[in-house]
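Participant: Build the 3D model from these lines:
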Amino acid sequence: CPKLHNHTTLILREIDEKEPYCQEVKTMAVLCGACPRPYHYCTLCPNKDDTLIYPDKELPASFSHPFRNQVPTCQLYDTFLNSLYDIDPTCDTSRQFLQHYCGCSSLPAFQQQQQHQHNSNKCTMCPGTTDHV
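Facilitator: From the prediction side, this is the model:
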């Protein structure tokens, strides 16, 4: 990442904005923290304040294209999405396929699971019920 700016600044002056290499460099710059995210940036989860439940989970190989065929984790892919606008078709498609796979803290299925785990540690008067002592 530190060498990204030094090596690409001169090269980018010769490359058209619409070329794939240009977008790859922009994505890397956001991933490295060298550039700010777009104002209306994409996130994997529906709320920008969400926490990924499985940040270290590896994604299916079909999501490895932006990473030169290296298999990314949920966290890395979410960071990649931060380099895109929320109206980008890749954003919507990624959300549809990966929200439940990676887990988002605001999704009802994960809230219920967390509530169940929280309640299962409490003493119950009658096993299998929610009546707590």
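
Participant: Show me the helices in this protein, by range?
Facilitator: 2-12, 20-32, 74-81, 89-102, 108-120 (DSSP state H).

Participant: Next, the angle helix 89-102 makes with the shortest one.
Facilitator: It stands for helix 74-81. 160 degrees (axes from the mean of the first three to the mean of the last three Cα atoms, to 10 degrees).

Participant: begin at 281 from here
Facilitator: Sounds good: first residue 281 from here, last item helix 354-361.

Participant: Mind listing what's buried along helix 354-361?
Facilitator: Under the neighbour-count criterion of 16 or more other Cβ atoms under 10 Å, helix 354-361 has 354, 356, 357, 358, 359, 360, 361 buried. Yep, even glycine has a C-beta here, placed from its N, CA and C like the rest.

Participant: which residues touch the third one?
Facilitator: The neighbourhood of residue 357, defined by Cβ atoms under 8 Å, 6 or more residues apart in numbering, consists of 324, 339, 343, 374, 378, 382.

Participant: how far away is the first one from residue 373?
Facilitator: If I follow you right, that is residue 324. 11 Å (Cβ to Cβ, to the nearest Å).

Participant: which of these two has more neighbours?
Facilitator: Using other Cβ atoms under 10 Å as the criterion, residue 324 and residue 373 rank with residue 324 on top: 25 against 11.

Participant: ok, now which ones touch that one?
Facilitator: 332, 354, 357, 358, 361, 374, 375, 378, 379, 382, 384.

Participant: how about a markdown table for the residues you listed, with distance to residue 298 added?
Facilitator: Shown next, in a markdown table, are these (distance: Cβ to Cβ, whole Å):
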| residue | distance to residue 298 |
| --- | --- |
| 332 | 32 |
| 354 | 30 |
| 357 | 24 |
| 358 | 26 |
| 361 | 21 |
| 374 | 22 |
| 375 | 25 |
| 378 | 27 |
| 379 | 30 |
| 382 | 31 |
| 384 | 33 |
